[in-house]
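In: how would this look folded up:
(one chain, ligands or ions: 1)
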Amino acid sequence: MTKVDLGVTLSSLKLKNPLITASGTCGNGKELQDYFDIERLGALTVKGITVKPSRGNPTPRITETPAGLLNSIGLENPGIDKFIEEKLEIIDAYQLPVIVNISGHSLDDFAYLAERLAPYPQFAALEVNVSCPNIAGGGMVFGTNKELVYKVTRIVKENYPGTVIVKLSPNVTDITAIARAVEEGGADIISMINTLLGMAIDIDKQAVVLGNTFGGLSGPAIKPVALRMVYQVAQVVDIPIIGMGGIMTARDALEFIMAGASAVAVGTATLINPDAALKIIDELEAYLIDKGIDSIKELIGKLIK
Ligand SMILES: Cc1cc2nc3c(=O)[nH]c(=O)nc-3n(C[C@H](O)[C@H](O)[C@H](O)COP(=O)(O)O)c2cc1C
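Out: Here you go, the predicted model:
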C-alpha cells in the first residue's frame, strides 16, 4: 500500500489532513510561510482577536520550564476592525481552511465579534476562546463555569452562521460538565486544551518571573493532562474534538486521535521547529503505510480495552 487517506471531517469542516496550527503560535500564517508551504496543513488558526486592540500583558511574557513554556502574552492583537481591514485579504489568498480565534471580556463582546465575522465566508470556522488564563476581567472565567460557557456558546451560534468551535480550559475540576454545556449550547466542535495556569519564581531576584505573575503552561508537560481530558470528553459528547496540548511528534498526535480527537493542533512545537506540523503529517502517513491502515479515520477513538 502506498496511498493512504489522511483526510478528516469535523462537522462541516473538511480537512485534507488532521494537522492544525494552534492559535497564538503561528501569527496569521504569514510568519510560517518563510519556512514551509503552509497550504500543506489541514488548517490554520490565527491569533486571538478581541473587540478593541490590545497591547497584551507587561513583559516579561514568556519563560521556559523543564518541559514546556509559560506565557502571559495576554491576547496582544490589533482588534477586530484592523484584523478585518488588514488581514482578511492575506488570509483569503490561502488555499487552506483558516480558523479565527476570538476572545472577549463579556457576553456582548462575544456576540459582537461573531456578528462582525458573520459576513466573511472566507473563514472556515470561528474558534471561541473561553479559556485564556492570562487576561484580566474575563477570559478563563467563561470557560470554568458551565452556565457561562453555555451562554457564550449560544450567543456566538445565534450571531454566526458558520461552524463554531469552543475551546475549553483545563483549569476546571470536571471537564465533562463543561463539555456537555458547550454541546448543549449548540457548538459544532470542541477544541481542547488551552494552557494550564502556572507561575515561575526567580530565586536570585526573589521575584516572580512573568510581568503578569501567572502564565499559561503549554508543551510536553501538559500532554498527559490534555490526553486524559480529550479521552473523558470523547465519552460524553457526540460532537467532534480537536485535541491539543504538548503534541510534538506523530506519536503524540496518534495518542490524541486514539483518545477520541478527530483532528489535532500543534502549538509550542511550532515555536521550536516552525515546520513541526509538516513533519507530523509525513510521519502519520508513514505510520499508516507501515501498519497497513487505509485511512486515519479508522484510528479515531480506537483504543482496545
Ligand atoms: C505563545 C502562546 C500564545 C497563545 N495564544 C493563544 C490565543 O491567542 N488564543 C487561544 O485560544 N490559545 C492561545 N494559546 C494556546 C494554544 O493555542 C494551545 O491551546 C496551547 O498552547 C496548548 O498546545 P501546545 O502545548 O501544543 O502549545 C497560546 C499558546 C502560546 C504558547
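In: quick one, helices of this protein?
Out: 30-33, 80-82, 88-92, 107-117, 146-159, 175-184, 223-236, 250-259, 268-272, 276-291 (DSSP state H).
In: any idea which of those helices gets closest to the ligand?
Out: The closest of these to the ligand is helix 268-272. By C-beta to the nearest ligand atom, the value is 3.4 Å. In this view, the C-beta of every residue, glycine as well, is placed from N, C-alpha and C.
In: buried set for that closest one?
Out: Buried residues in helix 268-272, counted by 16 or more other C-beta atoms under 10 Å: Thr268, Ala269, Thr270, Leu271.
In: ok, stretch 53-72 next?
Out: Ser54, Gly56, Asn57, Pro60, Arg61, Thr63, Gly68, Leu69, Leu70, Asn71, Ser72.
In: tell me the phi and psi of Pro240?
Out: The phi/psi pair for Pro240 (degrees, to the nearest 10) reads phi -70, psi 160.
In: quick one: residues contacting it.
Out: Leu10, Ser11, Ile189, Ile190, Ser262, Ala263 (C-beta atoms under 8 Å, 6 or more residues apart in numbering).
In: measure how buried the residue nearest to the fourth one when sequence neighbours are not counted is and give me the count.
Out: Closest residue in space to Ile190, ignoring its immediate chain neighbours: Ile241 at 5.1 Å, by C-beta to C-beta, 6 or more residues apart in numbering. One way to gauge burial is a neighbour count; for Ile241, by other C-beta atoms under 10 Å, it gives 29.
In: shouldn't Ile241 be in contact with Ala187?
Out: No - look at Ile241 against Ala187 with C-beta atoms under 8 Å: they stay out of range, at 10.8 Å.
In: for Ile62, see how far away Leu271 is.
Out: Note on Leu271: its distance to Ile62, by C-beta to C-beta, to the nearest Å, is 9 Å.
In: which of the contacts of Pro240 lies closest to Asp34?
Out: Ala263 (24.9 Å; C-beta to C-beta).
In: out of the buried residues of stretch 53-72, flag the one nearest to the ligand.
Out: Nearest member of these to the ligand, counting by C-beta to the nearest ligand atom, is Asn71, at 4.1 Å.
In: report the buried members of the contacts of Pro240.
Out: Leu10, Ile189, Ile190, Ser262, Ala263.
In: show me what the first one is bridged to.
Out: The reference is to Leu10. Leu13 (DSSP bridges).
In: excluding chain neighbours, what is closest to Phe214?
Out: Nearest non-adjacent residue to Phe214 (C-beta to C-beta, 6+ apart): Met199, at 5.2 Å.
In: returning to what we had before: kindly reformat the helices of the chain as TSV containing mean pLDDT and distance to Glu127.
Out: What follows is the helices of the chain, written out as TSV (pLDDT from 0 to 100; distance: least, C-beta to C-beta, whole Å):
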stretch	mean pLDDT	distance to Glu127
helix 30-33	88	18
helix 80-82	97	14
helix 88-92	90	14
helix 107-117	96	11
helix 146-159	96	10
helix 175-184	98	12
helix 223-236	98	16
helix 250-259	98	17
helix 268-272	97	16
helix 276-291	98	17
